[in-house]
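Colleague: sequence? don't have it. structure:
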Ligand SMILES: Nc1nc2c(ncn2[C@@H]2O[C@H](COP(=O)(O)OP(=O)(O)OP(=O)(O)O)[C@@H](O)[C@H]2O)c(=O)[nH]1
């Protein structure tokens with residue numbers, strides 16, 4: 001089929017047309033074929049393509065005897081996202097244009113489509129789509145969204161260890177606390193502080209100290225459940241919120257972390273550092289309404305562990 005349209009008139013129908021305003025087919029074809037947009041027309045019932053401008057024919061070739069879904073998507077049946085049903089009302093009259101965005105499954109390009117039911121030259125209603133390629137804009141939007149997500153994540157992440165930072169610890173920890181209060185389930189807090197960390201810095205340098213902190217971060221990532229919150233809340237201070245965990249579970253985890261610190265040394269150049277830490281544990285109480293309160297009890301217990309000689313776990317009574 002020739003992709004040109006016979007005489008089309010502006011305004012509405014040939015009957016009302018002023019001969020002065022009739023645009024010859026060549027003129028109309030020139031306009032449509034030079035648009036930087038895809039324009040096509042298809043039959044509502046048969047999906048047969050009745051017209052496609054040069055923009056589309058350059059991509060998909062001849063439309064002769066082909067259906068829109070064969071040409072545009074290389075499908076064997078109508079597209080599952082076809083919008084034809086949105087283009088007429090329940091009486092079968094044209095609805096306002098439907099504007100939407102979609103990604104072509106064949107070429108991956110994004111298009112903004114403006115779909116509309118219009119009367120065709122023989123009077124029947126047909127589908128008109130005008131689609132503009134918005135791939136560049138879409139890619140920019142997606143890149144921006146990704147960057148936004150990353151910057152949001154970075155604001156909650158501790159740069160050195162990749163653990164949650166202090167802000168994230170309180171934000172997420174308080175959410176967990178409220179959930180546990182609502183469900184009347186247990187919640188445990190572990191807090192620990194590395195022992196004699198100043199000496200590590202003094203003896204081996206600040207970079208060696210940083211390596212120890214990274215090592216502790218990795219230790220927590222490997223041993224703390226995803227549902228729990230592990231954070232670096234100060235220079236050499238860490239804390240973990242364990243949801244639905246009792247005191248024994250928390251003490252077991254603290255003992256395991258302490259043991260692992262002793263067993264697997266941190267390698268820094270040709271030296272090995274075996275860090276140690278003092279742990280304090282507290283349990284959520286019904287009257288706690290903010291993480292500050294059980295954290296302060298875990299902190300007290302931790303100083304108890306320091307006072308008792310370090311490298312141990314102390315539980316808030
Ligand atoms: N390398 C490194 N050191 C840090 C960082 N943040 C804090 N520190 C150091 O951590 C040390 C903490 O020292 P102290 O508070 O005296 O604690 P400690 O030496 O661990 O002694 P105890 O806690 O009593 O066992 C200080 O020397 C800080 O400079 C960091 O990000 N990197």
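Modeller: Received the coordinates, thanks. Just so it is clear, the structure is predicted and the values come from calculations on it, not from any experiment. Numbers count the residues shown, from 1 in each chain.
Colleague: what residue in the stretch 1-150 of the chain comes nearest to the ligand?
Modeller: residue 150 (22.4 Å; CB to the nearest ligand atom). To be clear about C-beta, it is placed using only N, CA and C from the backbone, and glycine gets the same treatment.
Colleague: what's the local residue count around that residue?
Modeller: Residues near residue 150, counting by other CB atoms under 10 Å, number 11.
Colleague: hang on, it is in a helix, isn't it?
Modeller: Yes - per DSSP: H, G, I helix; E, B strand; the rest coil, residue 150 lies within a helix segment.
Colleague: so who does the nearest residue to residue 126 once chain neighbours are set aside touch?
Modeller: In space, and not counting its chain neighbours, residue 126 is closest to residue 120: 4.3 Å by CB to CB, 6 or more residues apart in numbering. By CB atoms under 8 Å, 6 or more residues apart in numbering, the contact set of residue 120 is 41, 50, 126.
Colleague: now swap in residue 254 and tell me
Modeller: Contacts of residue 254 (CB under 8 Å, 6+ apart): 190, 192, 279, 281, 313.
Colleague: and for residue 243?
Modeller: 176, 179, 180, 185, 187, 227, 228.
Colleague: just the buried members of the residues you listed?
Modeller: 176, 180, 187, 228 (16 or more other CB atoms under 10 Å).
Colleague: compute the number of surrounding residues for the closest residue to the last one other than its chain neighbours.
Modeller: Just to be clear, that refers to residue 228. Nearest-residue entry for residue 228: residue 242, 4.9 Å, with adjacent residues in sequence omitted and distances by CB to CB, 6+ apart. Neighbours of residue 242 under the rule other CB under 10 Å: 24.
Colleague: just confirm residue 242 is within a strand.
Modeller: Yes - according to three-state DSSP, the state of residue 242 is that of a strand.
Colleague: show the contacting residues for it.
Modeller: 187, 188, 189, 190, 225, 228, 249, 250, 253.
Colleague: show the buried residues in those.
Modeller: 187, 188, 189, 190, 228, 250, 253.
Colleague: if we can go back for a sec, state the pair within the contacts of residue 242 that is farthest apart.
Modeller: 189 and 225 (14.7 Å; CB to CB).
Colleague: so which of the contacts of residue 242 are also by the ligand?
Modeller: Counting by CB under 6 Å from any ligand atom, nothing from the contacts of residue 242 sits close to the ligand.
Colleague: in terms of pLDDT, where does the residue nearest to residue 215 when sequence neighbours are not counted sit?
Modeller: Leaving aside its chain neighbours, residue 215 sits nearest to residue 266 (4.5 Å; criterion: CB to CB, 6+ apart). For residue 266, the pLDDT comes out at 95.
Colleague: what sits against residue 266?
Modeller: Contacts of residue 266 (CB under 8 Å, 6+ apart): 211, 212, 215, 272, 273, 274, 275.
Colleague: count the neighbours of the last one for me.
Modeller: By that I understand residue 275. 22.
Colleague: what sits against it?
Modeller: Taking CB under 8 Å, 6+ apart, one finds 194, 195, 197, 200, 212, 215, 216, 261, 266 in contact with residue 275.
Colleague: shouldn't residue 99 be in contact with residue 114?
Modeller: Yes - counting by CB atoms under 8 Å, residue 99 touches residue 114, with 5.1 Å between them.
Colleague: who's in contact with residue 69?
Modeller: Taking CB under 8 Å, 6+ apart, one finds 47, 75, 77, 78, 79, 82 in contact with residue 69.
Colleague: how about 6 Å then?
Modeller: Residues in contact with residue 69 (CB atoms under 6 Å, 6 or more residues apart in numbering) are 75, 78, 79.
Colleague: A helix includes it, no?
Modeller: Yes - under three-state DSSP, residue 69 sits within a helix.
Colleague: what sits closest to residue 130 if chain neighbours are left out?
Modeller: residue 114 (4.7 Å).
Colleague: that neighbour: neighbour count?
Modeller: 16.
Colleague: okay, buried residues for whichever strand or helix holds it please.
Modeller: Following DSSP states H and E, one finds residue 114 within strand 110-119. For strand 110-119, the neighbour count (16+ other CB under 10 Å) marks 110, 111, 112, 113, 114, 115, 116, 117 as buried.
Colleague: could you dump those into CSV with pLDDT and distance to residue 69 added?
Modeller: CSV is the format used below for these (pLDDT from 0 to 100; distance: CB to CB, whole Å):
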residue, pLDDT, distance to residue 69
110, 94, 19
111, 94, 15
112, 96, 20
113, 96, 14
114, 97, 19
115, 97, 14
116, 97, 18
117, 97, 18
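Colleague: good, wrapping up.
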